[in-house]
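Participant: Task: produce atomic coordinates for the following.
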Amino acid sequence: MSEPRIQPSSNGGGAAARRMLTPLLALTCAVLQPARAGAQLSPSSPPIQALTLDRAIELALGRAPELAAALAQLAGAEASIRLAEDELHPEAFASTTPGYARGLPVAVAGQVPALAGVEIRQSLYDPVRRSAAIETRAGALATRASAEKIRLQTARAVAELYGRCWSNDMQAGAAGHREMALGRAVARAAALRGEGRITELELEQARLREARGKLHRLELESARELDCWELRQRTGWPAEAPLQLAPDPLAGLPEPGAAGDLESARGSDPDLRSDTQAVELLERAARLRGGRTSPLVIQAQAQYSRLWRYYDKFYRRFKDDDWSVAISVALPLWTGGRLRDGVARTEADLARLGEQRVAREAELTAQVRRAQAAVAQAQAAASLARQAGALAEEELRVARAQVAEGRIDPAEIDAREASLAEAEEETVRATAGVLASRVQLLALRGELHGGQSAGTTAPAASAGFAAPEGRGPEPGPQPAARWPS
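Facilitator: Numbers count the residues shown, from 1 in each chain. Below is the predicted model:
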C-alpha cells in the first residue's frame, strides 16, 4: 500500500493546507505501519528469542579468529611434545643391501650385504632424550596459557560490548523521553513569548536545551548502532534478524564462587598455573640429566637378514637366515659441550620462571584488589542512582498533584519529567558500571566461561556457531571442540 501524498497547490493556500494535513498524514502513517509489520511477519513465524549474555559469549568464542589462531598454535605445540616423546618409542626398518665384495664380506654403508633385512630399535635408558621431551612439554605450557588468556580476553570484551549495547539502548530511550519533555517546554515557552510574558532570551534558552537533548539522544543512538553492529559481527548474528537483548544483563552473569577472590584468581590464572607446572617439569628434567657428567645410554636392537649364498665360501656353518639381538651400553666421553649448555639452559629457564611467578603474583594481587574496589564503588553508585530515580518519580507525582490543585505552574511537570529521564539514564549507566566491574572480577577468578567449563573446552571453528541464513541462532548449546590434552 502506497502512502498518501499531498499534491502541491499553485495558489497561496497550499502551505496552509499542508500544515493542516500534516498531522493527519502522521496519524495515517502511524496506523498503517503496524499493519505493514503484521503483513511481513507470518502468523507461523517463531517468536524472537533474546540474545543473552552467556549465549553471546559462547557464539563469539566460536567465531574469534584470534582464539582460533591460538588454538592452532597450541595444536602445533602439542605435536612438538609428541614428536619429542616419539624419540623414546621403538622403531623398525625394512632394508635391502645389495653389494659385491672380493675376499671376506664386511659391513658396507653400516649394513652387511643382504637380500633383505628387518631391524628393530628401542631406547631403554636415555636420560638426555627423555629430559629434552620433558623440556618440550614445559615450553608448551606457555602456549596453552596464552590460548586461555585469549579466551578470557575475548569473553570479557564481548561481555563489555554486550553491556554497552544494552546501556546505550536504554539510555537512548530515556533521552527520547527527556527530549519530548524539553520539546513541550519549548512549545509552552513559545506560547508565553507570544503573550509577552517571557523574553526572547528565555525562549532561546529553552530551544537550546531541547537541541542539546536531541544531540545527546542522537549520540546515544549512534553509539548503540555501532556497538550492535560489532556485536553482530562477533556473534555471527544475521543482519536481517532483529537483535533483542535480555532485559537484565546482570542475570546472565554467574555469581562469584564461595572461595576468596585472591585464592580463586591464583588458582585459575593461566600464567601462574603454567609457570608452576613448568618449574616442576624442568626440575624433573634437571634430575634426569644428573648434573654435568655424561649419563649412560642403553639401547636394545634386534636384526634379521637374508644373506647372499656366496657367504658359504667363508663360513663353514653358514645359514641364509641371520638373527641377532643385542643390548648396547654406551658412556659418552665427549659431547661437544651440548650437555653443559643444556644444563645451563635449564637453570636459566628455572630462574626466569621463578621471577615471572613472583611478578605475576604481585600483579594479580593488585588487579584483584582494584576489581574488588571497582565492584564496591559500582554497587554504591547503582544504589544512589536508584534512590535518585525514586526521588525523581516522587517529585513528578507531587508536581502533577500540585498542578491539578493550581498551586504551581504546569511548566514544572516538564522539568520534573526531564529530571526523571536524567535519573533513568544515571541508573542505566550505574547498572552498566556494575556489569563491567563484575565481568572484570569474574574474569580474574576464571569464572567467565560463556557456557563452557573453564579449562576443559574450547570453541570450535567459526562455522560451528554461525547462525543460519535469514534466522537467528538456534537455541540450545552448540558442540565445542576439546582443548588439546
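Participant: In terms of helices and strands, where is Gln301?
Facilitator: Under the criterion of DSSP states H and E, Gln301 resides in strand 297-307.
Participant: what's the average pLDDT for that strand?
Facilitator: The predicted model gives strand 297-307 an average pLDDT of 83.
Participant: Name the next helix or strand following the lowest-mean-pLDDT helix or strand in the chain along the chain.
Facilitator: Every helix and strand in the chain was compared by mean pLDDT, DSSP states H and E; the lowest is helix 14-40, with a mean of 40. Per DSSP H and E, helix 14-40 leads on to helix 53-63 as the next helix or strand towards the C-terminus.
Participant: helices or strands up against that following helix?
Facilitator: Judged by 3 or more Cβ pairs under 8 Å, 6 or more residues apart in numbering; DSSP states H and E, helix 53-63 is in contact with helix 127-194, helix 200-235. (Glycine included, C-beta is placed from N, CA and C.)
Participant: ok, now which ones touch the residue nearest the centre of the chain?
Facilitator: By Cα atoms, centre = their mean, the mean C-alpha position of the chain lies nearest to Thr154, the distance being 1.9 Å. When contacts are counted by Cβ atoms under 8 Å, 6 or more residues apart in numbering, Thr154 touches 60-61, 64, 66-67.
Participant: and the residues you listed, which are buried?
Facilitator: The neighbour-count test (16 or more other Cβ atoms under 10 Å) marks 60-61, 64, 67 as buried among those.
Participant: Mind putting the residues you listed into JSON lines with distance to Leu339?
Facilitator: Output for those, formatted as JSON lines (distance: Cβ to Cβ, whole Å):
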{"residue": "Ala60", "distance to Leu339": "49"}
{"residue": "Leu61", "distance to Leu339": "45"}
{"residue": "Ala64", "distance to Leu339": "44"}
{"residue": "Leu67", "distance to Leu339": "40"}
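Participant: right, and the pair among those with maximum separation?
Facilitator: By the measure Cβ to Cβ, Ala60 and Leu67 form the most distant pair in the buried ones among the contacts of Thr154, at 9.0 Å.
Participant: hang on, the earlier thing: quick one: which of the buried ones among the contacts of Thr154 is nearest to Glu394?
Facilitator: Comparing the buried ones among the contacts of Thr154 against Glu394 with Cβ to Cβ places Ala60 closest, at 41.7 Å.
Participant: Surely the closest one and Trp237 touch.
Facilitator: No - assessed by Cβ atoms under 8 Å, Ala60 is found out of contact with Trp237, at 10.2 Å.
Participant: buried set for the helix or strand containing Val428?
Facilitator: Secondary structure assignment for Val428, by DSSP H and E: helix 411-445. Using 16+ other Cβ under 10 Å as the test for burial, helix 411-445 gives 411-428, 430-445.
Participant: next one: stretch 256-272
Facilitator: 261-262, 264-266, 268-272.
Participant: same question, stretch 214-230
Facilitator: Buried-residue list, stretch 214-230, by 16+ other Cβ under 10 Å: 214, 216-217, 220-221, 223-224, 227-228.
Participant: what sits up against it?
Facilitator: Under Cβ under 8 Å, 6+ apart, the answer for stretch 214-230 is 161, 164-165, 168-169, 171-172, 175-176, 178-179, 243.
Participant: Neighbour count and pLDDT added to the residues you listed, as CSV?
Facilitator: Output for these, formatted as CSV (neighbours: other Cβ atoms under 10 Å; pLDDT from 0 to 100):
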residue, neighbour count, pLDDT
Leu161, 18, 95
Arg164, 20, 94
Cys165, 26, 95
Asn168, 23, 94
Asp169, 20, 94
Gln171, 25, 94
Ala172, 21, 94
Ala175, 24, 94
Gly176, 16, 94
Arg178, 25, 93
Glu179, 22, 94
Leu243, 19, 90
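Participant: I'd like those laid out as TSV, including distance to Tyr125.
Facilitator: Below are those laid out as TSV (distance: Cβ to Cβ, whole Å):
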residue	distance to Tyr125
Leu161	56
Arg164	61
Cys165	62
Asn168	66
Asp169	68
Gln171	70
Ala172	72
Ala175	76
Gly176	78
Arg178	80
Glu179	82
Leu243	63
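Participant: and of those residues, the nearest to Ile298?
Facilitator: For these, the nearest to Ile298 is Leu161 (59.1 Å; Cβ to Cβ).
Participant: check contacts around the residue nearest to the closest one when sequence neighbours are not counted.
Facilitator: Spatial nearest neighbour of Leu161, chain neighbours left out: Leu231 (5.5 Å); criterion: Cβ to Cβ, 6 or more residues apart in numbering. Counting by Cβ under 8 Å, 6+ apart, Leu231 touches 56, 158, 161-162, 165, 237, 243.
Participant: how about those residues, which pair is most distant?
Facilitator: Val158 and Leu243 (13.7 Å).
Participant: Run through the helices of the stretch 251-400 of the chain in chain order.
Facilitator: In the stretch 251-400 of the chain, the segments counted as helices under DSSP state H, counting those that start in this stretch are 261-268, 270-289, 338-404.
Participant: in the stretch 301-450 of the chain, which segments are predicted with low confidence?
Facilitator: 308-319, 450 (pLDDT under 70).
Participant: Report the inter-axis angle for the strand holding Gln301 versus helix 127-194.
Facilitator: Computed by axes from the mean of the first three to the mean of the last three Cα atoms, to 10 degrees, the angle separating strand 297-307 from helix 127-194 equals 110 degrees.
Participant: What pairs with strand 297-307, parallel or antiparallel?
Facilitator: strand 114-125 (antiparallel), strand 321-330 (antiparallel) (DSSP bridges).
Participant: Pull out the buried residues from that strand.
Facilitator: Neighbour count says strand 297-307 has 297, 303-305, 307 buried, by 16+ other Cβ under 10 Å.
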